[in-house]
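S.K.: Pasting the sequence and the predicted model now:
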2 protein chains.
Amino acid sequence: MTSVPSSSPSRVPAMTDVAALAGVSHQTVSRVLNNHPNVSERTRLRVQAAITELGYRPNSAAKALVTGRSQTIGVVAQSSTLFGPASLLAAFNVAAAQAGFAVSVASIRELDRGSFRDAVERHLDTRVAGIVVIAPVETASAAIEAVADDVPLVMVDGDPALPRPLVTVDQEEGARLATQHLLDHGHATVWHVSGPGEWFDGRGRVRGWQRTLEAAGAQVPPLLPALDWSAASGYQAGLVLSRMPEVTAVFAANDHLAVGVLRALHERGRRVPDEISLVGFDDVPEAGYFIPPLTTIRPDFDAVARASLRLVLDRIEQGSLPPHHVSIPPVLVTRDSVRDLRA
Amino acid sequence: MTSVPSSSPSRVPAMTDVAALAGVSHQTVSRVLNNHPNVSERTRLRVQAAITELGYRPNSAAKALVTGRSQTIGVVAQSSTLFGPASLLAAFNVAAAQAGFAVSVASIRELDRGSFRDAVERHLDTRVAGIVVIAPVETASAAIEAVADDVPLVMVDGDPALPRPLVTVDQEEGARLATQHLLDHGHATVWHVSGPGEWFDGRGRVRGWQRTLEAAGAQVPPLLPALDWSAASGYQAGLVLSRMPEVTAVFAANDHLAVGVLRALHERGRRVPDEISLVGFDDVPEAGYFIPPLTTIRPDFDAVARASLRLVLDRIEQGSLPPHHVSIPPVLVTRDSVRDLRA
DNA sequence: GCCTCAGTTGTTAACGCTAACACTGAGCGG
DNA sequence: CCGCTCAGTGTTAGCGTTAACAACTGAGGC
């Protein structure tokens, strides 16, 4: 395998070293590297040989300085182990690497205005080529609005009201899928344990749930909002649900909440799916091994990552483009947590 | 809130613009920015005023070019939604941001030699100040060995045999804690569902388990290795465990596996903890809401992140330092998945 | 044979910053 | 009162790359 020197003999070779070895000017080397048309095949080969011989690798800082842009995409995300955000980040990293872009992640601890602004500004300092903000709550909006229009920026799970390109999971469709599935299995109505109210994701899911019920002529039960997306909050909601005899179907806004609901119902002797049916959202890898295996909604995080990458890349290459909203539909994954009452 | 211009009026202000406004040379501005001693208070204030007035922000590409190092730490990690790696990455991002460093993540899809090498080289191209490699398997070792000694590089969960600074969770201690806990509750021996054999993490846990049994004079049952860290693999192991009447205590190498084990035992009518006790590893946020709530080992990912950051930073500031191994002890979190047989 | 022109290559000047060194003038000992 | 020191400041030269333009080549048209 090739060795990766750093200062081994004297110093890292620069473009001029390659040029000297190949007997051309450094500009010709630059042309070869950037695939400029007017370079003869003969020189191209000689330069390439010199490059490999020296193990030359372009200095991206110098390139960034002169072009004003680095080959890096800045991501702003909350540091979180929640399955959704974590999956998204992982998928985006892979997609960006394939496109030849480095990814610089500015993790923020809290989803407040200042954190978002600082993170965006840090990225601007390093002259990133584009920015992707995972902006699931309204506090991100102010920070995003303050960014100049000509900065290639796309939001993921952000505010649809902002005039910025946006990629989201189609939350409303996911909620519709979940709710309709329960309705189709003979449940008179469906209760909903929603995520925290500030999250756009959660709001979309609430909307989809509510509209589906209304469209079906079903009664809309009171919402059970969770404080956060955790199992602990789901547990609290489950404790409440377990006390109401008329509850037969529950849609939890994500799988973490569903775990908590499941636990609470189990603890209080309410059997799933026999007495209460449950549908989650996210399809965490363990969902198929819950007790019982959880029917849930699976978003396509890879598709979201690819779409957001494509949007930034378009804007990087072509400058300002009209804001464009992309919505990725999720799918229903049926397992054993829903009982068919029609049987 | 301050606006974040990019090309709003004419162009982004540079150091010379600040200098002109403050009536000093650009070098003085540089000195103010880098807290050089010999700057009079009066000038310092004038420069700072000019900086805020113009909204000047230093161009890090230029700085990186001239110094040869950027204020960025490169991380090589597998793109994964496994709780351990994801937590670590999140914690590292936060720690680095607090220290004023940007984090560039090179996600690799597969843990093979080539992927590791490419990721490291990409970071070297961008002249990162230091590199942190999450290198849980042996294939990473070759890539790491090829890196020049004077590059500040630290491994996390890597090969202890390599002469490089290393930070790990004390796997052996964690496994000891889990095994001893079961032994202490009157179990004659403890079975172990291990992670995939290539992972150093998994090997350490196996070692800790085995040594603890030996030290206690308990019989060491055959190892049940999982193909990967997933619930699906845990489920397979659980199916096997459920068929052996003598099994009363199981230590699963992580919580994802434990979910699968729990599911398999439940499915086959073996009650936890009544018939079989189970301990996991990682303390995923849901662990307290499993059925039953899972007793598990909690690693301190924040501490691992901080320690690895400190090691790179030391090496960045002081050049080559002797390789230093840091091992962070985890703690036992007791919940309801272990039965006391002594009662 | 000379001019033109496309194709190829070289030269020069940035980009925004830091490092090294040069300069200034006040303070102070002799 | 000269010269030394030293804090405070300015000047200059890069860092490694791309962009703009200049300069050379040889082929083809007149």
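M.R.: Everything's here; your move.
S.K.: which bits of the stretch 151-300 of chain A sit near chain B?
M.R.: The stretch 151-300 of chain A has residues A:151, A:230-232, A:234-235, A:256, A:259-260, A:262-263, A:266, A:285-286, A:288-291, A:293 near chain B, with proximity defined as C-beta under 8 Å from any C-beta of the partner chain. C-beta here means a position set from N, CA and C on the backbone, and glycine is covered the same way.
S.K.: And the residues you listed, which of them are buried?
M.R.: Taking 16 or more other C-beta atoms under 10 Å in any protein chain shown as the criterion, what is buried in these is A:151, A:230-232, A:234-235, A:256, A:259-260, A:262-263, A:266, A:285-286, A:288-291, A:293.
S.K.: Please flag which of the residues you listed sit within helices.
M.R.: A:231-232, A:234-235, A:256, A:259-260, A:262-263, A:266 (DSSP state H).
S.K.: for the stretch 201-343 of chain A, what spans make up the strands?
M.R.: Secondary structure of the stretch 201-343 of chain A (DSSP state E, counting those that start in this stretch): strands at A:224-225, A:249-252, A:277-279, A:296-298, A:325-328, A:331-333.
S.K.: tell me what the fourth one is packed against?
M.R.: I take that to be strand A:296-298. helix A:171-184, strand A:331-333 (3 or more C-beta pairs under 8 Å, 6 or more residues apart in numbering or on different chains; DSSP states H and E).
S.K.: which of these sits most buried?
M.R.: Most buried of those by mean neighbour count (mean count of other C-beta atoms under 10 Å in any protein chain shown) is helix A:171-184; its value is a mean of 23.
S.K.: Show me what that helix is packed up against.
M.R.: For helix A:171-184, the packing partners by 3+ C-beta pairs under 8 Å, 6+ apart are helix A:200-215, strand A:249-252, strand A:277-279, strand A:296-298, strand A:331-333.
S.K.: Burial check on A:E317, number of neighbours?
M.R.: By other C-beta atoms under 10 Å in any protein chain shown, 11 other residues sit near A:E317.
S.K.: Just want to check the distance between it and A:G100.
M.R.: Distance of A:E317 to A:G100, given as C-beta to C-beta, to the nearest Å: 13 Å.
S.K.: before we move on, what about A:L82?
M.R.: As for A:L82, its distance to A:G100 is 29 Å (criterion: C-beta to C-beta).
S.K.: And for A:A135?
M.R.: Counting by C-beta to C-beta - A:A135 and A:G100 are separated by 25 Å.
S.K.: where's A:R31, which helix or strand?
M.R.: helix A:26-33 (DSSP states H and E).
S.K.: near DNA strand D, anything from that helix?
M.R.: Yes: Helix A:26-33 reaches DNA strand D (C-beta under 7 Å from any atom of the strand) through A:26-27, A:30, A:33.
S.K.: how about TSV for the helices and strands packed on strand A:296-298, with distance to DNA strand D and mean pLDDT added?
M.R.: Output for those, formatted as TSV (distance: least, C-beta to the nearest atom of the strand, whole Å; pLDDT from 0 to 100):
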stretch	distance to DNA strand D	mean pLDDT
helix A:171-184	41	98
strand A:331-333	43	98
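S.K.: Out of the ones you listed, the one nearest A:S107 is which?
M.R.: Checking the helices and strands packed on strand A:296-298 against A:S107 by C-beta to C-beta gives helix A:171-184 as the closest, at 23.7 Å.
S.K.: Now do the helix or strand that that closest one is followed by, average pLDDT.
M.R.: Note on helix A:171-184: by DSSP H and E, the next helix or strand toward the C-terminus is strand A:191-194. What strand A:191-194 shows for mean pLDDT is 98.
S.K.: residues in contact with strand A:191-194?
M.R.: A:179, A:202, A:205-206, A:209, A:221, A:223-226, A:234, A:237-238, A:241, A:247, A:249-253, A:257, A:261 (C-beta atoms under 8 Å, 6 or more residues apart in numbering or on different chains).
S.K.: repeat that for 7 Å
M.R.: Residues outside strand A:191-194 that contact it (C-beta atoms under 7 Å, 6 or more residues apart in numbering or on different chains): A:202, A:205-206, A:209, A:221, A:223-226, A:234, A:237, A:241, A:247, A:249-253, A:257, A:261.
S.K.: again, but for stretch A:215-234
M.R.: Against stretch A:215-234 from outside (C-beta under 7 Å, 6+ apart): A:82, A:183, A:188-189, A:191-197, A:206, A:210, A:213-214, A:237, A:240, A:252, A:254, A:256-261, B:285-286, B:289.
S.K.: Neighbours of A:S233, how many?
M.R.: 22.
S.K.: Could I have the CA atoms of stretch A:308-328 written out in CSV?
M.R.: The C-alpha coordinates for stretch A:308-328 follow below in CSV (Å, rounded to 0.1, in the frame of the first residue of the first chain):
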residue,chain,number,x,y,z
SER,A,308,-30.5,17.5,0.0
LEU,A,309,-27.0,16.9,-1.4
ARG,A,310,-28.3,17.3,-5.0
LEU,A,311,-30.0,20.6,-4.0
VAL,A,312,-26.9,22.1,-2.5
LEU,A,313,-24.7,20.9,-5.3
ASP,A,314,-27.1,22.4,-7.9
ARG,A,315,-26.9,25.7,-6.1
ILE,A,316,-23.1,25.6,-5.8
GLU,A,317,-22.8,25.0,-9.5
GLN,A,318,-25.5,27.2,-10.9
GLY,A,319,-25.6,29.9,-8.3
SER,A,320,-29.0,31.0,-6.9
LEU,A,321,-31.9,28.8,-7.9
PRO,A,322,-35.5,29.2,-6.9
PRO,A,323,-36.3,27.5,-3.6
HIS,A,324,-37.4,24.0,-4.3
HIS,A,325,-39.2,21.7,-1.9
VAL,A,326,-38.6,18.0,-2.0
SER,A,327,-40.7,15.7,0.1
ILE,A,328,-39.8,12.0,0.3
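S.K.: For burial, what's the neighbour tally of the residue of the stretch 101-250 of chain A found nearest DNA strand D?
M.R.: Closest residue of the stretch 101-250 of chain A to DNA strand D, C-beta to the nearest atom of the strand: A:R127 (12.6 Å). A:R127 has 20 neighbouring residues, counting by other C-beta under 10 Å.
S.K.: Then the one 4 residues further on?
M.R.: Other residues near A:I131 come to 24 when the count uses other C-beta under 10 Å.
S.K.: Repeat that for A:E145.
M.R.: A:E145 - counted by other C-beta under 10 Å - has 14 other residues nearby.
S.K.: Need the phi and psi values for it.
M.R.: phi -60, psi -30 (degrees, to the nearest 10).
S.K.: contacting residues around it?
M.R.: A:E145 makes contacts with A:L162, as judged by C-beta under 7 Å, 6+ apart.
S.K.: quick one: it and DNA strand C, what's the gap?
M.R.: Using C-beta to the nearest atom of the strand, to the nearest Å, A:E145 is found at 25 Å from DNA strand C.
S.K.: try A:R122
M.R.: Using C-beta to the nearest atom of the strand, we find A:R122 at a distance of 15 Å from DNA strand C.
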